[in-house]
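[1] I would like the atomic coordinates for the input below:
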Amino acid sequence: MQLTVVTPTFNEAENLPKLVSALFALPIPSLNLLVVDDNSPDGTGELADQMAEQDERITVLHRPGKLGLGTAYVGGFQQALRMGAEAVAQMDADFSHPPEKLVDLLDALRGYDMAMGSRYVPGGAVDVRWPFWRKGLSTFGNLYARTLLDLPVRDATGGFRVWRRETLLKMPLGRVRSNGYAFQVEMVYLVHLLGCSFTEIPIYFADRRWGRSKMSFQIQAEAAVRVWQMRLEYRNFP
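    Numbers count the residues shown, from 1 in each chain. I've put the predicted structure just below:
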């Protein structure tokens with residue numbers, strides 16, 4: 001399959017060249033990278049442009065400011081589909097998602113509509129350096145979303161996924177309102193409501209190697225509230 005990897009960036013100049021090298025070293029013959037940059041003050045967008053000039057497999061989508069993770073992915077998905085991608089991956093630029101696992105996710109996609117990297121299936125794990133409170137918050141957040149939305153998935157908040165083109169075309173992307181990490185929950189909830197098939201592949205979720213985490217209390221609070229809103233907004237869907 002022709003795979004396009006969508007990677008939102010905000011101040012990821014330190015990570016981006018390393019990620020590009022890791023991705024294009026993978027045994028995936030037809031792989032493209034779409035960088036969605038939110039006008040990063042550290043020059044990530046300009047760096048991405050320079051890399052795109054040297055490698056036609058790289059495309060850059062510039063946005064005027066920090067507009068949120070959800071809209072970055074929706075815009076990236078739509079652009080990837082316009083570019084003719086047969087499969088679309090979503091992943092962070094900070095190496096918390098292991099690039100080499102893209103091979104397993106793409107292989108798994110042959111039998112499913114969507115494949116996701118999961119920290120909470122047998123064989124999956126989170127960084128051993130995570131403090132106890134962060135592990136607890138992540139575990140609770142997943143249980144909270146899975147219970148309220150009746151999701152048959154172990155890792156509802158994970159953001160490392162590969163989608164079939166046909167699956168994304170079915171998704172009502174224009175209705176997706178979550179703009180933080182609740183975006184991941186909303187997308188898998190829609191997959192469930194549409195009756196699409198999916199599988200979870202175990203991954204080791206590492207703490208970012210370079211740069212600073214963008215997780216905040218505001219993002220966590222939005223996710224908690226959005227789960228309840230999703231139940232109401234999609235009660236008659238599809």
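[2] for the chain, what spans make up the strands?
    In the chain, the segments counted as strands under DSSP state E are 3-9, 31-37, 58-62, 87-90, 114-118, 125-126, 161-164, 198-202, 204-205.
[3] list the contacts of the residue nearest to Leu151 when sequence neighbours are not counted.
    Excluding the flanking residues, the one nearest Leu151 by C-beta to C-beta, 6 or more residues apart in numbering is His192, at 5.8 Å. From N, CA and C alone the C-beta is placed, and that goes for glycine too. His192 sits next to 149-153 when contact means C-beta atoms under 8 Å, 6 or more residues apart in numbering.
[4] mind running it again at 10 Å?
    By C-beta atoms under 10 Å, 6 or more residues apart in numbering, the residues touching His192 are 149-153, 156, 198, 234.
[5] poorly predicted segments of this structure, please.
    Along the chain, the model assigns pLDDT under 70 to residues 208-221.
[6] one more time with 90
    1, 127-142, 179-181, 206-225 (pLDDT under 90).
[7] and the helices in it?
    16-24, 44-54, 69-82, 102-108, 132-149, 165-170, 182-194, 217-233 (DSSP state H).
[8] out of these, deepest packed?
    Neighbour counts (mean count of other C-beta atoms under 10 Å) averaged over each of those peak at helix 182-194, with a mean of 23.
[9] Leu19 is nearest to which of the strands of the chain?
    strand 3-9 (7.0 Å; C-beta to C-beta).
[10] so what does the closest one touch, helix or strand wise?
    If you count contacts as 3 or more C-beta pairs under 10 Å, 6 or more residues apart in numbering; DSSP states H and E, strand 3-9 packs onto helix 16-24, strand 31-37, helix 44-54, strand 58-62, helix 69-82, strand 87-90, helix 102-108, strand 161-164.
[11] switch to 8 Å and redo it
    Here strand 3-9 touches helix 16-24, strand 31-37, helix 44-54, helix 69-82, strand 87-90, helix 102-108, going by 3 or more C-beta pairs under 8 Å, 6 or more residues apart in numbering; DSSP states H and E.
[12] circling back: need the helices of the chain in JSON lines (columns: distance to Leu33).
    JSON lines is the format used below for these (distance: least, C-beta to C-beta, whole Å):
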{"stretch": "helix 16-24", "distance to Leu33": "6"}
{"stretch": "helix 44-54", "distance to Leu33": "9"}
{"stretch": "helix 69-82", "distance to Leu33": "10"}
{"stretch": "helix 102-108", "distance to Leu33": "11"}
{"stretch": "helix 132-149", "distance to Leu33": "27"}
{"stretch": "helix 165-170", "distance to Leu33": "17"}
{"stretch": "helix 182-194", "distance to Leu33": "20"}
{"stretch": "helix 217-233", "distance to Leu33": "25"}
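[13] to Leu34, which of those lies closest?
    Closest among the helices of the chain, once you apply C-beta to C-beta, is helix 69-82, at 5.5 Å.
[14] run a quick neighbour tally on Tyr120.
    Applying other C-beta atoms under 10 Å, we find 21 residues neighbouring Tyr120.
[15] dump the residue contacts of it.
    Contacts of Tyr120 by C-beta under 8 Å, 6+ apart are 139, 142, 154-155.
[16] perfect, I'm done here.
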